[in-house]
Each structure stands twice: as C-alpha cells, then as structure tokens.
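>>> Coordinates only, no sequence provided:
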C-alpha cells in the first residue's frame, strides 16, 4: 500500500460520517468493507499523524471503513402515474404539478431517477428565479472541524440564510448547514462562490451547488451561502475550538451564532489538550457575546486607527468643558478614549465574560501559558 493509498483510505475513514444526504430525496446507505493499511517507510506529510513511520518494517492492520452513498429513496414500485407522483413528491418535496411535469417530461418516461434529475435542472432553476430579491434575513451558522486532509487542522463557520425561522430550524436545513461547514473545513474554502464549486465531503459525485439546489427544491425558500470563514494551522500542538450559540434542535453544530478560536501553547505550558480545549470553548463563548473585531491593537489597520483618533480628537475638542484645556491634556483624554476603543474591538483587551472575576483576557491567557492566534465569528443577527 503506497503512502497515497494509505492517505486516501485514512481520509475515507475520517470523513465518512460527514457524507451529505441533503433533501428528502436521498437516503444514506452504509457500506462496510475491510481495508489493509500498511505502514510505509516515508513519514506522513501531516504533523501529528499517528500513521507516520520512518522504519522499513511493514505492518498490516485491518480497518473497517464506512462509506455513505446517495441513493434515490422511493417506496415500493409504483403501478400508476398517481402513485409515482406521490412518491416523487415525498422524496423531493416538490409540488404535485412539478412532479407530474418531471415524470411526463420528454426523455424521462416515468423513470423516478430521471424525474429527480429533471426537477434539479428545471424545478430548482424556476424556483430560484421566483425567489430573486426575496428577503432572506433568517438562517443558521454551522461549525465543523477537521484534522488531516488538505491542511493539518482546520475549522470552519458557514452562514446560510433562509426566509423564515421555520425553515432554518428544520432538520433538513440544519443538516445542510453542518454539511457545508464540514466541506469548507475539509477543503479550506472561505469564499462562498468558491465553496459552491466544491465536492461535498463524503460524496465526490455531488457539489455544494447541487446540494443547495436540492435544499431549495425541498424547502422552497430563498437559501444563500452568505459567509464562510476558515482557520487552519500547521502546528501539531495548536488547538482549534468552536462554540455554537442557540443551537438547533436538529444539530448541535448549527445555531444562530458561532465562534472559533486557535490557541497555541507557549513554551513551558503544562495544560493538557482537554484543558486547552476547555479554555478555548469559554473564549469562543465570550467572543460570541462580546463581538470583538480584532485580536489585539496591533491587528487594527493603520487607516482605521488614524480615522478613530481623528474623530475622537475633533469630538473632544468640540466639547464645551474642554474649550480652555491645553493640548497636552486633550491628548491624554484622547489616549484614554482610545483605550476604551481597544476594549470594544480587541478581544485581548476585554474582560473575560465567562471566567470568574472577569480577568483581562490577555493576562488570563498569559497566566495559562497560551496565545490566541486567531478567531472568527459569524451570526445571523
């Protein structure tokens, strides 16, 4: 077994559980097979990969792999057009008349599989045209993390909008959002348009666009991938942690807001992986609530700082109580206001909302021997 084959087998095992089965027209089918994974002389390209081995000795190991496939889910073979229409409607969520058009369309010949493809090509396109311009201010944010694959470690947030809370809280929508987040994490994609072209994790025969079309056809609302964010790191000891707020009943990885953080242990840190994960989760909870923009003042763009200082200087000088104060006093007032600004927009300057006594986050992390490298936050509001 070559290193490429071993990597492929390991990937299948890792991502099998993420297989996308969006829409009522598809059923998940588990196929179990036994694969032989051989340790090879060249090490894994991914730090921390437990399969890495630098010796020439080959060892054999049996692994059970679960592969999820997409198959059209219909009931017993129908004997009439009416029964076919009912089954196709149940499977796709499309209206009765659309199902009839699909089944009787030229080249379909009452074949339910071909009818489903017809609905994808014609039904979703027709629905999309009708929905252009319709307000989609509701929705969900999905979170997923992935170890291995295209990057050593990755985590993603994906925000998908819908027209109503009823649709966004459905099981089909929650699954759509979490599957898209898993695909973004696996591919390292953070641009919505680029994400639409990616193959769904666990189902290389289907793209995100196809899955979105299926969901639009079933849910019949204006659904859009609004934002996506991805964090990745090459350090083997870095920790990526996420928190999802106001979770959907159908999925713990989808909610109305979510945040993820990347923490690096500093030299001498004695915290375990689980302890760092707990620190990261609490920090992600704080970020969801406080909504900071930057990690530290050093991350604020120069033009943003200059604009903020100019606004504060002008505002403070215009206040009647400051009319007779000398310039050096006004500068001190501006500096004090800038410190408050940093506390509003920089997470390290904020007081930790989810830790007892609300310590400053930068000092709190330093005391634990941790560094906040990056964070991302998405919200429906």
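The structure has been received and is ready for your questions. All values derive from a computational prediction rather than experimental measurement.
>>> Low-confidence stretches in this protein?
1-79, 89, 91-95, 120-136, 148-152 (pLDDT under 70).
>>> Residue most distant from the centroid, it?
Within the chain, the residue lying farthest from the chain centre (CA atoms, centre = their mean) is residue 324, at 54.2 Å.
>>> pretty sure that residue is in a helix, no?
No: per DSSP: H, G, I helix; E, B strand; the rest coil, residue 324 lies outside any helix segment and is coil.
>>> residues touching it, list them.
By CB atoms under 8 Å, 6 or more residues apart in numbering, the contact set of residue 324 is empty. Where C-beta positions appear, they are placed from N, C-alpha and C, glycine not excepted.
>>> Against residue 337, how distant is it?
From residue 324 over to residue 337 the distance is 19 Å, taken as CB to CB, to the nearest Å.
>>> Same check on residue 313?
9 Å.
>>> Please, where are all the strands along the protein?
Per DSSP state E, the chain carries strands over the ranges 26-38, 60-72, 138-148, 151-162, 199-200, 203-207, 224-233, 239-248, 251-265, 370-379.
>>> Which of those strands sits closest to residue 84?
Across the strands of the chain, the minimum distance to residue 84, taken as CB to CB, is reached by strand 60-72, at 12.4 Å.
>>> what's the neighbour count on the nearest residue to residue 341 once chain neighbours are set aside?
Using CB to CB, 6 or more residues apart in numbering and skipping the chain neighbours, the partner closest in space to residue 341 is residue 308 (5.9 Å). Residue 308 has 17 neighbours, counted by other CB atoms under 10 Å.
>>> give the contact list for residue 257.
141, 244-246, 288, 377-381.
>>> quick one on the thing from earlier: just checking, the residue nearest to residue 341 touches residue 339?
No: Residue 308 lies out of contact with residue 339 (CB atoms under 8 Å); the separation is 11.8 Å.
>>> List the buried residues for stretch 323-339?
330, 333-334, 337 (16 or more other CB atoms under 10 Å).
>>> One more: stretch 192-207?
Buried, per 16+ other CB under 10 Å, within stretch 192-207: 192, 195-196, 198-203, 206-207.
>>> Return the closest of these with respect to residue 238.
residue 201 (21.9 Å).
>>> What distance do you get for that closest one to residue 228?
14 Å.
>>> picking up where we left off before, in a markdown table: the strands of the chain, plus distance to residue 350.
Shown next, in a markdown table, are the strands of the chain (distance: least, CB to CB, whole Å):
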| stretch | distance to residue 350 |
| --- | --- |
| strand 26-38 | 43 |
| strand 60-72 | 42 |
| strand 138-148 | 21 |
| strand 151-162 | 20 |
| strand 199-200 | 38 |
| strand 203-207 | 40 |
| strand 224-233 | 20 |
| strand 239-248 | 16 |
| strand 251-265 | 13 |
| strand 370-379 | 11 |
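>>> that older thread, out of the contacts of residue 257, the closest to residue 221 would be?
residue 380 (14.5 Å).
>>> how about the nearest residue to that closest one, chain neighbours excluded?
Closest to residue 380 by CB to CB, 6+ apart is residue 256, at 4.8 Å.
>>> ok, that neighbour - contacts?
Per CB under 8 Å, 6+ apart, neighbours of residue 256: 140-141, 245-246, 379-381.
>>> Sounds good, over and out.
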